[in-house]
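>>> here you go, sequence then predicted model.
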Amino acid sequence: MTKYLKNKQVLVIGVAVVLLLLSIILAIGIGSVRFTPYEAWQTLIGKGNSSSNTILWDIRIPRVLMALLIGANLAASGILLQAVMNNPLADPGLTGVSSGAAVTVLFIMLVAPEYTGFIPIAAIVGGGGAAIMVYAWAWKKDSGYTPIRIILSGVAVNAVFGGVIGLLSILYSDKLPAALQWMNGSLSGKGMKDVLSILPYSIVGWIMAILCIRQANILRLGEQAAHNLGQNLNRVRFILSFVAVFLAAISVSKVGLVGFVGLIVPHMARMIIGSNYKHSLPLSLMLGSIILIVADTAGRSLFSPLEIPAGIIMAMAGGPYFLYLMRKGGA
């Protein structure tokens, strides 16, 4: 039985890798100028003509790579937050982390655009500030943190920062068009420079997430088992939350608010490969990339020549899925 499960897990990860590669090749071939998978592959390996090289390497490939990084970041952030809160309905967007990061980024974009170089740091500060508020309001001296109080606090913080975003949008409506695509979670106009600027942060975040697998599995065992293993649950939750905030914040700083990736993907990973984070977290990284690549490709091709931001596509797909989870009794 153990050998069967191991073989199944290896097979699932292998299929996910193949699907990720296929989604990349198909995504870079779809657009106003279409390329067959063979032509796209030839360009990827350096055998394309000058025209295809310009279109793919300057426009589409950076955009697809950005979707890959952001999708993996948000999926990892979501699965860690769900481990912390012991609830499959937790994700960066629903717990205030994304909106906290969005407030600081939007403030710089609208009020102090001369400081745009500090946007990644500002996003981490904003997301971290939101997380601190969530945990401060959820803390009780007699019982510490509980998942339900963290979730309720997150909903409240999300509402507060959502109001601040609305206020900034009204006060600086003359400057809003420049930030409108970002607010809707758009990957449009992203170049290789943007990819390279977020890549180091993403790699660090993935490494930290992988190092948190043991702690996430301990939380999965329940509070009593964790105490029996000598674990400080509050410290474990804080460490996992920090990594989740870091991954969500750097993603928001680049593409804005993309919701539901951190909600949908971990749930899918658990259904496919089980709840052991040793397997579900790596699978979530790949599924998050695949889903956001597909969402962005759909947004720029279904209504061509109009382009729908990936954040809107994910909201349209994620909202019904959220209701489905609630109906199943996940809340």
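Sure thing, it's come through. None of these values were measured; they are calculated from a predicted model.
>>> can you list the weak-confidence ranges in the stretch 201-331 of the chain?
223, 325-331 (pLDDT under 70).
>>> show me the contacts for G96.
Contacts for G96 were tallied using CB atoms under 8 Å, 6 or more residues apart in numbering; they are A130, A131, M133, V134, S153, G154, V155, A156, V157, N158, V160, F161. Quick note: C-beta positions are derived from backbone N, CA and C, even for glycine.
>>> shouldn't the third one be in contact with G154?
To tie it back to what came earlier, the one meant is M133. No: at 9.2 Å, M133 and G154 do not qualify as touching, with contact defined as CB atoms under 8 Å.
>>> follow-up on the earlier one: helices - which of the contacts of G96 land there?
In helices, defined here by DSSP state H, the members of the contacts of G96 are A130, A131, M133, V134, S153, G154, V155, A156, V157, N158, V160, F161.
>>> the second one: how many residues sit nearby?
Translated: A131. Around A131 there are 28 other residues, counting by other CB atoms under 10 Å.
>>> then the first one?
As a burial measure, the neighbour count of A130 was computed by other CB under 10 Å and equals 29.
>>> find the nearest non-adjacent residue to it, please.
Of all residues beyond its chain neighbours, the one nearest A130 is G100 (2.5 Å), with distances taken as CB to CB, 6 or more residues apart in numbering.
>>> export the contacts of G96 as CSV, with columns for distance to Y172 and pLDDT.
What follows is these, written out as CSV (distance: CB to CB, whole Å; pLDDT from 0 to 100):
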residue, distance to Y172, pLDDT
A130, 21, 91
A131, 26, 85
M133, 24, 89
V134, 27, 85
S153, 29, 86
G154, 27, 84
V155, 27, 84
A156, 25, 89
V157, 22, 90
N158, 21, 88
V160, 19, 91
F161, 16, 92
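>>> in ChimeraX, how would I select the buried members of the residues you listed?
Buried members of those, identified by 16 or more other CB atoms under 10 Å, are gathered into one ChimeraX selection as follows:
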select :130,131,133,134,153,154,157,158,160,161
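>>> from P92, how far off is the residue nearest in space to the middle of the chain?
For the chain, the residue nearest the mean C-alpha position is L74 (1.3 Å; CA atoms, centre = their mean). L74 sits at a distance of 6 Å from P92 (criterion: CB to CB, to the nearest Å).
>>> find the residues that touch each one of the two.
Shared contacts of L74 and P92, defined by CB under 8 Å, 6+ apart, comprise A248, G262.
>>> ok, back up a step: among the ones in helices among the contacts of G96, which one sits closest to G262?
The shortest distance between G262 and any of these, using CB to CB, involves G154 and amounts to 12.3 Å.
>>> surely the closest one touches D91?
No: the pair G154 and D91 fails to qualify as a contact (CB under 8 Å) at a distance of 9.6 Å.
>>> so N87: helix, strand or coil?
Recorded secondary structure, N87: coil (DSSP: H, G, I helix; E, B strand; the rest coil).
>>> where do the strands sit along the chain?
Secondary structure of the chain (DSSP state E): no strands present.
>>> so what secondary structure elements neighbour the lengthiest helix in it?
Longest among the helix segments of the chain by residue count, using DSSP H, is helix 2-29. Contact here means 3 or more CB pairs under 8 Å, 6 or more residues apart in numbering; DSSP states H and E; on that basis helix 2-29 packs against helix 37-44, helix 61-85, helix 261-273, helix 277-301.
>>> and the angle from the second one to helix 261-273?
The reference is to helix 61-85. For helix 61-85 and helix 261-273, the angle between their directions (axes from the mean of the first three to the mean of the last three CA atoms, to 10 degrees) works out to 80 degrees.
>>> pull the distance from helix 61-85 to the chain's centre.
The gap between where helix 61-85 is centred and where its chain is centred comes out at 3 Å by CA atoms, centre = their mean, to the nearest Å.
>>> can you state the direction angle for it and helix 277-301?
Between the axis of helix 61-85 and that of helix 277-301 there is an angle of 140 degrees, by the same axes, to 10 degrees.
>>> helix 61-85 vs helix 2-29, what angle?
Going by the same axes, to 10 degrees, helix 61-85 makes 140 degrees with helix 2-29.
>>> elements contacting helix 61-85?
Contacting helix 61-85 under the criterion 3+ CB pairs under 8 Å, 6+ apart are the following elements: helix 2-29, helix 147-171, helix 192-211, helix 213-221, helix 233-255, helix 261-273, helix 277-301.
>>> and those: which comes nearest A122?
Evaluated over the helices and strands packed on helix 61-85, closeness to A122 peaks at helix 233-255, with 7.3 Å, by CB to CB.
>>> for that closest one, list the C-alpha coordinates in CSV.
These are the backbone C-alpha positions of helix 233-255, laid out as CSV (Å, rounded to 0.1, in the frame of the first residue of the first chain):
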residue,chain,number,x,y,z
LEU,A,233,2.0,26.3,18.3
ASN,A,234,2.0,30.1,18.5
ARG,A,235,5.6,30.3,17.3
VAL,A,236,4.9,27.8,14.5
ARG,A,237,1.8,29.7,13.3
PHE,A,238,3.9,33.0,13.3
ILE,A,239,6.7,31.5,11.2
LEU,A,240,4.3,30.0,8.6
SER,A,241,2.3,33.3,8.5
PHE,A,242,5.5,35.3,7.9
VAL,A,243,6.4,33.1,4.9
ALA,A,244,2.8,33.3,3.6
VAL,A,245,2.8,37.1,4.0
PHE,A,246,6.1,37.4,2.3
LEU,A,247,5.0,35.4,-0.8
ALA,A,248,1.7,37.2,-1.1
ALA,A,249,3.1,40.7,-0.6
ILE,A,250,5.8,40.4,-3.3
SER,A,251,3.1,39.1,-5.7
VAL,A,252,0.8,42.0,-5.0
SER,A,253,3.6,44.5,-5.5
LYS,A,254,4.1,43.3,-9.1
VAL,A,255,0.6,42.5,-10.4
